[in-house]
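>>> Provided below for reference: sequence and predicted model.
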Amino acid sequence: MRSLFRPLALLVLLAAAALPATAAAAPVPARADWSEATIPSSDGVKLHADILRPKGLASDAKTPVILSIGPYFNHSGQTGPAGPVEDTSYDPVGPSEGPSDRFLDFIDGAHLMERGYTYVMVDLRGFGGSTGCLDWAGPGEQSDVVNAVGWAASQPWSTGKVGMYGKSYDAVTGLIGVNHRPAGLDAVVAQEPVYDLYRYLYGDGIRRLNSVLTPALYDLIDLTPGPALDDPNYNANGLNDSQRPGCPVLNLSDQGGNDDHYSAYWRERNLIPGAAGSSVPLFLTQGLTENNTVADGTAQYLTNHGGYERAWLGPWEHVRGNQTDENGRLLMGRAGWFDEVMRFYDQFLKGQSPTVQDPPVAVQTNDGKWRAEQSWPPADSVGYTSPLRAGSYTDDGSGSATQTSDTEGVWTISPRLQNDAHLSGSGRAIVDVATTRPNANLVVDVYDLDEYGIGPLITRQGFLARSSGEKTLDLWSADWKIPAGHRIAVRVTDANEDWWIHTPLFDTVKVVGGSVTLPFLTYTRPDTIQGDPGTQLEGYLNETITVPPETMRDSVSSSFNLPPAQQPAALRSAGAG
């Protein structure tokens with residue numbers, strides 16, 4: 001789940017033969033020895049693994065293992081012929097001088113070999129040198145994760161302690177590991193994952209652009225062979241889909257042709273319920289203003305997960321904790337990603353007590369400041385429920401969350417806040433709609449408006465109302481400070497074209513009523529920790545909507561339930577409340 005969803009990327013893939021090879025994949029890291037192995041999985045599938053061990057280390061010397069498993073470890077390149085537009089290497093000729101360079105930044109930046117770790121990269125079924133059919137985080141891929149962890153834990157050079165590392169799709173496999181908790185898995189680092197695979201393609205029935213492009217793109221990555229001069233068995237295995245003949249077409253049908261969130265197919269791929277009861281330590285990052293793997297389910301997953309948790313949360317795009325811009329500015333804004341990750345691994349894979357006390361959760365808010373939390377959503381986050389105003393909107397399929405020229409919808413706007421407020425967690429909207437025809441588009445947007453009625457989007461959610469009645473929408477997770485004098489605005493409307501693909505009903509949809517529940521912190525958070533504003537924050541805050549004065553006047557609700565003034569932080573630390 002990279003930024004693979006541009007139409008240009010699809011054109012590149014379809015025209016692969018016309019593209020020249022870009023730079024070859026990186027050679028074996030200087031301080032590592034490289035070998036390959038085959039891991040048996042379910043349904044007769046054989047998984048290909050690349051293994052990096054500290055250079056010169058005896059073959060039976062035991063080390064802890066860090067494992068990454070996903071679709072991006074093909075020897076010819078992470079994203080196949082899309083590499084030239086995805087900023088990844090692509091070498092269709094070879095021969096391979098080393099394994100995938102997907103996480104070379106991690107290997108080098110964290111000094112994995114010098115620290116005495118073994119690093120294993122495994123191709124999910126259907127990808128790279130693994131047999132089988134891609135399964136979109138379904139039962140097959142879940143068994144791949146369990147079997148890969150079990151294999152890594154049982155090798156003669158393994159201490160039996162395994163961690164997982166990934167970002168995006170290979171962060172999803174990390175969450176699969178957390179849920180299944182196979183023997184030997186003792187730590188997972190998951191950057192910008194998806195918590196419910198359905199929500200990556202749909203918003204409860206409304207299609208995202210990803211639902212059109214993503215299935216085809218992953219099919220094409222799956223079909224990309226390794227370098228022509230690689231081991232013939234590598235490519236033969238990668239092209240072997242006998243486990244499910246007709247895999248590409250079936251995969252397109254599975255993902256792109258099923259918009260029922262509650263079907264058996266999608267229930268198997270919803271990772272949120274499976275987190276309950278897991279004690280596997282998890283280190284998560286999540287961009288709360290993500291444009292790719294959005295914070296839709298973040299709060300719910302973390303609430304269900306019962307184990308030790310670490311996290312970086314804040315306003316950034318689909319990026320890694322160590323990534324910088326062209327000027328060297330950290331995209332997330334917080335320094336020390338690899339050091340913090342390795343303290344986490346050393347603690348749970350080597351049993352070493354950390355000499356630095358990192359905050360369990362580091363959160364950046366919309367003011368660009370970072371704070372520490374013991375957990376997230378924070379324990380003192382309390383939901384306040386307000387009624388939604390009745391009204392109607394036209395379902396014409398057009399409109400943007402921050403397009404000033406489009407403010408149509410049914411607005412419920414709070415009075416001016418008398419005190420600063422701090423929203424933290426995932427809200428919920430229950431909207432009672434009446435429609436004369438099925439499949440009405442329903443979108444809920446929540447804004448932070450200044451004294452002029454101008455402000456950015458805090459959170460949102462979409463829903464396809466297949467019939468009249470109450471619809472429940474869990475809003476995307478957010479952490480947002482709202483200053484005194486501002487207003488909270490909730491809009492019920494038909495379309496966010498910047499996010500969903502709407503098939504317009506061209507009819508009037510009545511909002512009979514409903515409610516919105518928003519989570520606010522009870523106590524102030526005056527203390528800050530190390531970190532600068534993420535590089536996306538300024539641009540995000542500049543994307544605003546302007547609510548017309550007449551809409552402001554007519555939509556203010558005296559029944560909007562605002563939180564009281566926050567209590568001093570000292571009372572929280574003293575255990576009051």
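Good, I have the coordinates. Numbers count the residues shown, from 1 in each chain.
>>> which SSE is Asp108 in?
helix 104-109 (DSSP states H and E).
>>> Work out the gap between the helix or strand just after that helix and the centre of the chain.
Per DSSP H and E, the first helix or strand lying C-terminal to helix 104-109 is strand 118-123. Taking CA atoms, centre = their mean, to the nearest Å, one finds the center of strand 118-123 at 21 Å from the center of the full chain.
>>> Name the residues of the helix holding Asp108 that are buried.
Of the residues in helix 104-109, those with enough neighbours to count as buried (16 or more other CB atoms under 10 Å) are Phe106, Ile107, Asp108, Gly109. No exception for glycine: its C-beta is placed from N, CA and C like everyone else's.
>>> give the contact list for the last one.
Okay, so that is Gly109. Gly109 makes contact with Asn322, Trp337, Phe338 under the criterion CB atoms under 8 Å, 6 or more residues apart in numbering.
>>> Is it possible to get JSON lines of the buried residues of helix 104-109 that adds pLDDT and distance to Thr289?
Supplementary listing: those in JSON lines, determined by pLDDT from 0 to 100; distance: CB to CB, whole Å:
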{"residue": "Phe106", "pLDDT": "98", "distance to Thr289": "24"}
{"residue": "Ile107", "pLDDT": "98", "distance to Thr289": "29"}
{"residue": "Asp108", "pLDDT": "97", "distance to Thr289": "29"}
{"residue": "Gly109", "pLDDT": "98", "distance to Thr289": "25"}
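>>> For Ala275, state which of those residues is nearest.
Ala275 lies nearest to Phe106 out of the buried residues of helix 104-109, by CB to CB, at 24.2 Å.
>>> Tell me which residues touch the residue lying closest to Gln191 once chain neighbours are set aside, please.
Spatial nearest neighbour of Gln191, excluding adjacent residues (CB to CB, 6 or more residues apart in numbering): Lys167 at 3.8 Å. Lys167 makes contact with Ala190, Gln191, Glu192, Arg320 under the criterion CB under 8 Å, 6+ apart.
>>> Among those residues, which are located in strands?
With strands taken from DSSP state E, the overlap with those comprises Ala190, Gln191.
>>> any chance of the contacts of Lys167 in TSV, plus pLDDT?
TSV is the format used below for the contacts of Lys167 (pLDDT from 0 to 100):
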residue	pLDDT
Ala190	98
Gln191	98
Glu192	98
Arg320	98
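>>> Go ahead and build a PyMOL selection from the buried members of the contacts of Lys167.
Taking 16+ other CB under 10 Å as the burial criterion, the selection of buried members of the contacts of Lys167 in PyMOL is written as:
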select buried, resi 190+191+192+320
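>>> which of the contacts of Lys167 lies closest to Thr88?
The closest of those, once distances to Thr88 are taken by CB to CB, is Arg320, at 13.4 Å.
>>> show me what contacts the closest one?
Residues in contact with Arg320 (CB under 8 Å, 6+ apart) are Asp105, Lys167, Gln191, Leu331, Trp337.
>>> Alpha carbons of stretch 44-55, in CSV - could you do that?
Extracted as CSV, the C-alpha positions of stretch 44-55 are listed here (Å, rounded to 0.1, in the frame of the first residue of the first chain):
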residue,chain,number,x,y,z
GLY,A,44,1.0,-26.2,-0.6
VAL,A,45,2.3,-22.6,-1.0
LYS,A,46,6.1,-22.2,-0.8
LEU,A,47,7.4,-18.8,0.4
HIS,A,48,10.7,-17.3,-0.7
ALA,A,49,12.9,-15.7,2.0
ASP,A,50,16.0,-13.6,1.8
ILE,A,51,18.1,-13.7,4.9
LEU,A,52,20.7,-11.2,6.0
ARG,A,53,23.1,-12.2,8.8
PRO,A,54,25.9,-10.3,10.4
LYS,A,55,28.9,-10.7,8.2
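>>> Make a markdown table from the contacts of Arg320 and add distance to Gly425 to it.
Converted to a markdown table, the contacts of Arg320 look like this (distance: CB to CB, whole Å):
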| residue | distance to Gly425 |
| --- | --- |
| Asp105 | 32 |
| Lys167 | 24 |
| Gln191 | 21 |
| Leu331 | 24 |
| Trp337 | 25 |
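>>> show me the contacts for Phe127.
Taking CB under 8 Å, 6+ apart as the definition of contact, the neighbours of Phe127 are Gly70, Pro71, Tyr72, Phe73, Asn74, Leu134, Ile221, Asp222, Gly238.
>>> Select from those residues the one having the most neighbours.
In terms of neighbour count, Asn74 stands highest of the contacts of Phe127 at 30 neighbours, by other CB atoms under 10 Å.
>>> Quick check: the gap between it and Tyr301.
Note on Asn74: its distance to Tyr301, by CB to CB, to the nearest Å, is 29 Å.
>>> which other helices and strands contact the longest helix along the chain?
Secondary structure of the chain per DSSP state H: the longest helix is helix 139-154. Packed against helix 139-154 by the contact rule (3 or more CB pairs under 8 Å, 6 or more residues apart in numbering; DSSP states H and E) you find strand 32-40, strand 46-54, strand 63-70, strand 118-123, strand 158-167, helix 169-180.
>>> can you list the residues that contact the longest one?
The contact list for helix 169-180, computed with CB under 8 Å, 6+ apart, reads 1-2, 68-72, 124, 137, 141-142, 144-146, 149, 164-166, 185, 188-195, 197, 271, 274-275, 278, 280, 282, 293, 301, 305, 307.
>>> returning to what we had before: how much space separates the residue nearest to Gln191 from Tyr72?
Separation of Lys167 from Tyr72 (CB to CB): 9 Å.
>>> Quick one: neighbours of His75, just the number.
His75: 28 surrounding residues under other CB under 10 Å.
>>> List the residues that contact it.
With contacts taken as CB under 8 Å, 6+ apart, His75 has the following neighbours: Ala25, Asp91, Gly94, Ser96, Pro99, Ser100, Gly128, Gly129, Gly226, Pro227, Asp230, Tyr234.
>>> now Thr159
Thr159 makes contact with Lys62, Thr63, Pro64, Val65, Leu349 under the criterion CB under 8 Å, 6+ apart.
>>> before we move on, back to that, out of the contacts of Lys167, which one sits closest to Met113?
Within those, distances to Met113 taken as CB to CB reach their minimum at Arg320, with 19.7 Å.
>>> Low-confidence ranges, the protein, go.
Across the chain, the stretches falling below the confidence threshold (pLDDT under 70) are 1-26, 573-577.
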